[in-house]
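> Got a sequence here, can you model it:
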Amino acid sequence: MDRASIIKNEPTGFNYEAGRRAFMRTVGLGAAGAAVLSATGGQASAQSAGVGAADVFNFALNLEYLEAEFYLRAAFGRGLADSDTTGNGTLGAVTGGRQVAFETPLFQAYANEIADDEEKHVKFLRSILGGAAVARPTLNFVDSFNALARFSGLGDTFDAFANETNFLLAAFVFEDVGVTAYKGAASLIRNNEFLEATAGILAVEAYHAGLVRTLLAGRGLFQQAQAISDLRDFFDGPSDIDFGIGTAANPDIVPTDANSLAISRTPAEVLAIVYASGTSQPGGFFPNGLNGLVR
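Predicted coordinates:
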């Protein structure tokens, strides 16, 4: 596969093929990383001493499968190519999702670009992992959004693909979680080249999140965004680390801590949100759980 088709710009001096070989020789994340990952429970807790860098990247790959399948369906009415979904673990089907009938051409263009980015993230992570890559797990875009709508008070059902407003609200569910997940994972990567790659993906996810937050504010969807933010905070534990988009008088486009740094989430906190359970019990977008050790 041509690396140019996977990434838009290759940093000078960054040899991904050499880096991939070095990555596969990485033996682990050290005591601190094992301690953080052990918070996820399940397999990761039982085998935390054996958790390595490949497991962290496979955790990220599971989340990229979710985002890619969502955006590709919304923008283009298709999912990932079969060749980009195989790997270790059980290959799952995708329930729900279809092309959104965008009324605003610029929103369609935004969706197209984000979908293209997320598809390339999948390809990039799979190229790094090689034979260690996990398969796409089972994904559900119907029951998950319905459950989240009920929890957040947005209604009994929620069709994320019904119109461009619903699409933006659904995208808001993912984007801030992706940023906080990559921020949390950065401290677990010991290989400097792959830390750079992680930072590169984090930056793109942050651009996406900022765009979605700006578009929601432009449509005055402050109350709905706050309900989704409160829902994420409810699921990820007792800490109050999530932010809505503020108010018309005081918009909050860039959610940060007191030092204006991006918020971090542990794998446990991320799973609690995407599982829509508040625990490591599979459900929500991943009814059968993630593939890989960290699940």
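> contacts, neighbours, all on C-alpha from now
Noted.
> now the helices: where do they sit in the stretch 101-250 of the chain?
Per DSSP state H, counting those that start in this stretch, the stretch 101-250 of the chain carries helices over the ranges 105-129, 143-152, 164-186, 192-218, 222-235.
> Just give me how far the first one sits from the chain centre.
Counting by CA atoms, centre = their mean, to the nearest Å, helix 105-129 is centred 12 Å from the centre of its parent chain.
> How about it, which residues are buried there?
Going by neighbour count (16 or more other CA atoms under 10 Å), the buried part of helix 105-129 is 107-108, 111-129.
> ok so, going back, kindly reformat the helices of the stretch 101-250 of the chain as a markdown table containing distance to Arg265 and mean pLDDT.
Converted to a markdown table, these look like this (distance: least, CA to CA, whole Å; pLDDT from 0 to 100):
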| stretch | distance to Arg265 | mean pLDDT |
| --- | --- | --- |
| helix 105-129 | 20 | 97 |
| helix 143-152 | 20 | 90 |
| helix 164-186 | 5 | 92 |
| helix 192-218 | 13 | 91 |
| helix 222-235 | 11 | 92 |
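> Nearest to Pro287, out of these?
With respect to Pro287, and counting by CA to CA, the nearest of the helices of the stretch 101-250 of the chain is helix 143-152 at 8.6 Å.
> which residues sit against that closest one?
Under the criterion CA atoms under 8 Å, 6 or more residues apart in numbering, residues 155-160, 170, 227-228, 230-231, 276, 283-285 lie in contact with helix 143-152.
> quick one: which of these has the most company?
Neighbour counts for the contacts of helix 143-152 (other CA atoms under 10 Å) peak at Ala276, which has 27 neighbours.
> For the nearest residue to that one once chain neighbours are set aside, list the residues it contacts.
Distances taken as CA to CA, 6 or more residues apart in numbering place Gly284 nearest to Ala276, at 4.8 Å, with adjacent residues excluded. By CA under 8 Å, 6+ apart, the contact set of Gly284 is 140, 143-145, 147, 274-277.
> Ok, which of the helices of the stretch 101-250 of the chain comes nearest Ala258?
Taking CA to CA, helix 164-186 is the member of the helices of the stretch 101-250 of the chain nearest to Ala258, at 15.4 Å.
> what's the closest one packed up against?
Using 3 or more CA pairs under 8 Å, 6 or more residues apart in numbering; DSSP states H and E as the contact test, the elements touching helix 164-186 are helix 53-76, helix 192-218, helix 222-235, helix 267-274.
> Report the buried residues of the longest one.
Neighbour-count burial for helix 192-218, counted by 16+ other CA under 10 Å, picks out 193-195, 197-199, 201-202, 204-206, 208-217.
> show me what contacts Gly79?
68-70, 72-73.
> I meant to write Val122 there.
Taking CA under 8 Å, 6+ apart, we find Val122 in contact with 61, 64-65, 68, 84.
> Which one of those residues is nearest to Ala186?
After measuring these against Ala186 - CA to CA - the closest member comes out as Leu61, at 14.6 Å.
> how about TSV for the helices and strands packed on helix 164-186, with distance to Leu293 added?
What follows is the helices and strands packed on helix 164-186, written out as TSV (distance: least, CA to CA, whole Å):
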stretch	distance to Leu293
helix 53-76	6
helix 192-218	19
helix 222-235	22
helix 267-274	12
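> ok so, going back, separate out the buried members of the contacts of Gly79.
68-70, 72-73.
> how deep is the spatially closest residue to Ala209 that is not a sequence neighbour tucked in, by neighbour count?
Leaving aside its sequence neighbours, Ala209 sits nearest to Glu175 (CA to CA, 6+ apart; 4.9 Å). Under the neighbour criterion other CA under 10 Å, Glu175 is assigned a count of 21.
> Surely Glu175 touches Leu211?
No - under the criterion of CA atoms under 8 Å, Glu175 is not in contact with Leu211, lying 9.7 Å apart.
> how about Gln108, what does it touch?
Applying CA under 8 Å, 6+ apart, the residues near Gln108 are 75, 102.
> Then Lys183?
The contact partners of Lys183, taken as CA under 8 Å, 6+ apart, are 202, 262-265.
> looking at those residues, which has the most residues close by?
Neighbour-wise, the contacts of Lys183 (other CA under 10 Å) top out at Ser264, 22 neighbours.
> Looks like that one contacts Ala186 (just checking).
No - with contact defined as CA under 8 Å, Ser264 and Ala186 do not form a contacting pair (9.4 Å).
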